[in-house]
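Trainee: Provide a 3D model corresponding to the input given below.
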Amino acid sequence: MEHLLTKIFMSHILLGFFLTLSGCGFVREVESLGINYGQVANNLPAPEKVLELLRSLKVTKARIYDTNPQVLSAFANSNVEIIVTVENDMLATLTDPNQSLQWVSTRIRPFFPATRITGIAVGNEVFTGDDNTLVTYLVPAMVSIHAALVRLGLDQYIHVSTPNSLAVLQESFPPSAGSFRPELNVIMLQFLQFLAATKGPFWINAYPYFAYKDSPNKIPIDYVLFNPNSGMVDPNTKLHYDNMLYAQVDAVIIAMAKMGFGGVEVRVSETGWPSRGDATEIGANLQNAAIYNHNLMRRQYLNEGTPLRPSMKLEIYVFALFNEDMKPGPTSERNYGLFQPDGTMAYNVGLTALSTTSSSSSSTSSASISLTSNSTKVKESGYSRLLCSIFLYLVGFQVYMRRHW
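Mentor: Here you go, the predicted model:
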């Protein structure tokens, strides 16, 4: 009996230990959250410092807009997965299989697997860009790049796709009306056939901000910011949507399904909200940016899916890591960053700075991320105390039993 009680006692000790760890507030990585690391600026920290920042944020996915060897080298032997990009002006060249093989051999192979390259974005918003000739090069370039990956034995590790603007859709509201623009149907079919064959994701750059900016009197601000609201019910699917981003994603899923490709995964390659804008850019301010990104990250912490695919967590890349001072266009284009170039927060979205210094300092900026709301923190704190109480009760009970048996 003594031996049996000892075994029970030790098992309860171990159980209590692991239960306590699970409720003690350790920061965990959010598997479905990534961030876009743009570099159109003249004052950004070195890639090594950026990696330190990402590590401190527990972010394990990043996307860059080129194949910068300094970034790829800096990210070697880290836990950060990275998506690289083929610039639009390279598409015509890379339709040639030999050129694609050379590109992969020089831009990807030397860094893999030390650097965890997981995807190649072939161009960016090609379907809706100003240069219509690029559309004809897109799928052939993707096919050639994938063939090069196959030849080098990398295709099982690195997928190939292209980020698309939401403007590829002819209709997006309600989500069940989702359909692609008719003039894109031929090339879109080829693109979806490629994704289905290679098991690649459909990447979408989705910005509820743009919809709100264009129709602020028609679209409720809480609906686009993930704030509590009555939302909308799709009249055809009867699904309820409490935010615009999920509705936009489901519109893409349905548009693909109408073309016979309902099994292709959709991932959000870009979404964000500007913290500053011109006078005509309604809604571009610090408060809205902080609310949007905080609520978005909180949803990602819960590994949510969309109403149409609730059991499939939606992978999202936030735009962007830094404010980029050299980007052309309206003021908003230079103010999507969560951070200033020196590593300080542009605004608070639940990111707690541990130390901040100028980028010219030898010290580095570091931060930890909290993706839970205050109410969630209270619940987790109570849960942790409950686990500890149960653990202490079990210990006390076993001590009592040992003394009285």
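Trainee: nearest residue to Q99 other than its sequence neighbours?
Mentor: In this structure, Q99 finds its nearest non-sequential neighbour in T93, 5.2 Å apart by Cβ to Cβ, 6 or more residues apart in numbering. C-betas here are computed from N, CA, C, even on glycine.
Trainee: does the one you found touch Q102 like I think?
Mentor: No - contact criterion Cβ atoms under 8 Å: T93 and Q102 do not qualify, at 9.7 Å.
Trainee: next, count neighbours for the residue nearest to Q99.
Mentor: 15 (other Cβ atoms under 10 Å).
Trainee: tell me which element I117 is part of?
Mentor: In the assignment (DSSP states H and E), I117 maps to strand 116-122.
Trainee: which strands and helices sit next to that strand?
Mentor: On a contact count with 3 or more Cβ pairs under 8 Å, 6 or more residues apart in numbering; DSSP states H and E, strand 116-122 meets strand 61-63, strand 81-86, helix 133-151, strand 159-161.
Trainee: closest one to G178 among these?
Mentor: Smallest distance to G178 across the helices and strands packed on strand 116-122 (Cβ to Cβ): 18.6 Å, for strand 159-161.
Trainee: show the subsequent helix or strand relative to that closest one.
Mentor: strand 163-165.
Trainee: now do the same contact list for Y241.
Mentor: By Cβ atoms under 8 Å, 6 or more residues apart in numbering, the contact set of Y241 is P175, G231, M232, V233, D234, A247, D250, P307.
Trainee: hang on, isn't P97 packed against A147?
Mentor: Yes - using Cβ under 8 Å, P97 is in contact with A147, at 5.9 Å.
Trainee: quick revisit: among the helices and strands packed on strand 116-122, which is the most enclosed?
Mentor: Greatest average neighbour count among the helices and strands packed on strand 116-122 goes to strand 61-63 (a mean of 24), per mean count of other Cβ atoms under 10 Å.
Trainee: so what touches it?
Mentor: Contacts for strand 61-63 (Cβ under 8 Å, 6+ apart): 33-37, 54, 75, 80-83, 85, 118-119, 121, 269, 315, 317, 321.
Trainee: tell me which strands it pairs with, and in which orientation.
Mentor: Using DSSP bridges, strand 61-63 pairs in its sheet with strand 33-36 (parallel), strand 81-86 (parallel).
Trainee: report the buried residues of the first one.
Mentor: Burial within strand 33-36, assessed by neighbour count using 16 or more other Cβ atoms under 10 Å, is assigned to L33, G34, I35, N36.
Trainee: need the CA coordinates for it. CSV is fine.
Mentor: The C-alpha atoms that make up strand 33-36 are tabulated as CSV, following Å, rounded to 0.1, in the frame of the first residue of the first chain:
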residue,chain,number,x,y,z
LEU,A,33,0.6,34.6,-37.8
GLY,A,34,3.3,36.1,-40.0
ILE,A,35,4.6,39.6,-40.8
ASN,A,36,5.7,41.3,-43.9
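Trainee: for the following helix or strand past that strand, which helices and strands make contact with it?
Mentor: The element immediately downstream of strand 33-36 (helix or strand, assigned by DSSP H and E) is helix 47-56. Counting contacts by 3+ Cβ pairs under 8 Å, 6+ apart, helix 47-56 is packed against helix 69-74, strand 366-369.
Trainee: pick out the shakiest of those, pLDDT-wise.
Mentor: Across the helices and strands packed on helix 47-56, strand 366-369 has the smallest mean pLDDT, namely a mean of 35.
Trainee: can you check the distance spanned by stretch 150-167, start to finish?
Mentor: 32 Å (Cα to Cα, to the nearest Å).
Trainee: average pLDDT across it?
Mentor: Computed over stretch 150-167, the average pLDDT equals 98.
Trainee: what about the closest residue to T162 other than its chain neighbours, distance to D222?
Mentor: Leaving out its chain neighbours, the residue that sits closest to T162 by Cβ to Cβ, 6+ apart is V122, at 4.8 Å. Distance, V122 to D222, using Cβ to Cβ, to the nearest Å: 37 Å.
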